[in-house]
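Asks: Make a model of this:
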Amino acid sequence: QVQLVESGGGLAQAGGSLRLSCAASGRSFRNYGMGWFRQAPGKEREFVAAIIRSGTNYFSANYADSVKGRFTITRDNANDTVFLQMNSLKPEDTAVYYCAAGLSITARVQGYGVWGQGTQVTVSS
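Replies: Numbers count the residues shown, from 1 in each chain. Sure thing, here's the model as predicted:
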């Protein structure tokens, strides 16, 4: 069974940090784009960041403007895990964060075919 399992969510204060992890199982996503999306109550799911291998030891990343300079996406291809380091958190970062796998690092939700169940991130002011 193909699964993406997120972890690392929780409560943080504004200005603080959290690190999310997403582990793949059931198949390898090493050559796939891996993305993070988030969805706040009453809002549509929105793109956060994505990463894909672009060479033997190189990766390409894509970020939403709202998180550039604060969030960093990385991946450990050997262990089929992707991470999202979130620094300088703001209350507006509060949302359920989802990990997803697709063929590229597009910001479009439709570009990803496998999704995790999500992990809650709450940032207090």
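
Asks: okay, now the nearest residue in space to V48 that is not next to it in sequence: neighbour count?
Replies: Of all residues not flanking V48 in the chain, W36 sits nearest, at 4.3 Å (CB to CB, 6 or more residues apart in numbering). Yep, even glycine has a C-beta here, placed from its N, CA and C like the rest. Per other CB atoms under 10 Å, the neighbour tally for W36 reads 26.

Asks: ok, W36 touching S21?
Replies: No: with contacts counted by CB atoms under 8 Å, W36 stays clear of S21, the gap being 10.7 Å.

Asks: what residues are shared contacts of those two?
Replies: V82 (CB atoms under 8 Å, 6 or more residues apart in numbering).

Asks: Run through the neighbouring helices and strands of the helix or strand containing A49.
Replies: Under the criterion of DSSP states H and E, A49 resides in strand 46-55. Under the contact definition 3 or more CB pairs under 8 Å, 6 or more residues apart in numbering; DSSP states H and E, strand 46-55 sits against strand 33-39, strand 58-63, strand 71-76, strand 81-86.

Asks: centre of the chain versus it, how much separation?
Replies: Relative to the mean C-alpha coordinate of its chain, strand 46-55 is positioned 8 Å out (CA atoms, centre = their mean, to the nearest Å).

Asks: And the residue nearest the centre of this protein?
Replies: Taking CA atoms, centre = their mean as the criterion, W36 is the residue nearest the geometric centre of the chain, at 2.4 Å.

Asks: Tell me what that one is bridged to.
Replies: A49, C99 (DSSP bridges).

Asks: ok, it - contacts?
Replies: By CB under 8 Å, 6+ apart, the neighbours of W36 are L20, C22, V48, A49, A50, I73, V82, L84, Y97, Y98, C99, A100.

Asks: between those residues, which is closest to A107?
Replies: A50 (7.4 Å; CB to CB).

Asks: Double-check the closest one against T74; I have them as touching.
Replies: No: counting by CB under 8 Å, A50 does not reach T74; the two are 11.7 Å apart.

Asks: Which of the two has more residues huddled nearby?
Replies: Set A50 next to T74 and count neighbours by other CB under 10 Å: A50 wins out with 26 against 14.
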